[in-house]
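S.K.: got a structure for you, letters missing:
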């Protein structure tokens, strides 16, 4: 039986996150839930520092404190001309390590702050 969940959003990026994560995780419900976590994490990182947890590529869990503060990112971000969002990733400044990091949106586990 195929599961279908209808969501209403006027943000094309949120819709893209939902579709991408649903395909990756095999569940529309997980796609919607993770997309909402993504939006909360981005909101908190734009407003200051966000405390969040995600699954690293090697399978380990990483707890991070990150920001998307433009003034800080201007010093650490080396652009390639393509947004990490286009391949489902987030680049952020790690407030503890003092450098840039990234993770796949589908691997976001929790927003703690």
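M.R.: Sure, I can see it. Computed from a predicted model, the values in this text were never measured in an experiment.

S.K.: residue ranges with poor pLDDT in the chain?
M.R.: For the chain, applying pLDDT under 70 flags the ranges 1-10, 76-87.

S.K.: residue boundaries of the helices in it?
M.R.: 12-25, 28-47, 70-76 (DSSP state H).

S.K.: As TSV, the ones you listed with mean neighbour count and distance to residue 91 would be great.
M.R.: Yep, even glycine has a C-beta here, placed from its N, CA and C like the rest. Formatted as TSV, the helices of the chain follow (neighbours: other CB atoms under 10 Å; distance: least, CB to CB, whole Å):
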stretch	mean neighbour count	distance to residue 91
helix 12-25	17	15
helix 28-47	18	11
helix 70-76	11	8
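
S.K.: Which of those helices sits closest to residue 99?
M.R.: When the helices of the chain are compared by CB to CB, helix 70-76 sits nearest residue 99, at 6.3 Å.

S.K.: on contacts alone, who are the packing partners of the closest one?
M.R.: strand 89-94, strand 99-104 (3 or more CB pairs under 8 Å, 6 or more residues apart in numbering; DSSP states H and E).

S.K.: Okay, angle between the first one and strand 99-104 too, please.
M.R.: Taking axes from the mean of the first three to the mean of the last three CA atoms, to 10 degrees, strand 89-94 and strand 99-104 form an angle of 150 degrees between their directions.

S.K.: for the helices and strands packed on helix 70-76, which one ends up most surrounded?
M.R.: Ranked by mean neighbour count under mean count of other CB atoms under 10 Å, the helices and strands packed on helix 70-76 are led by strand 89-94, which reaches a mean of 20.

S.K.: packing partners for that strand?
M.R.: helix 28-47, strand 61-67, helix 70-76, strand 99-104.

S.K.: Paired strands for that strand, with orientation please.
M.R.: strand 61-67 (antiparallel), strand 99-104 (antiparallel) (DSSP bridges).

S.K.: on that earlier part again, next, format the helices and strands packed on strand 89-94 as CSV and append distance to residue 17.
M.R.: Compiled in CSV, the helices and strands packed on strand 89-94 are given as follows (distance: least, CB to CB, whole Å):
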stretch, distance to residue 17
helix 28-47, 4
strand 61-67, 17
helix 70-76, 20
strand 99-104, 11
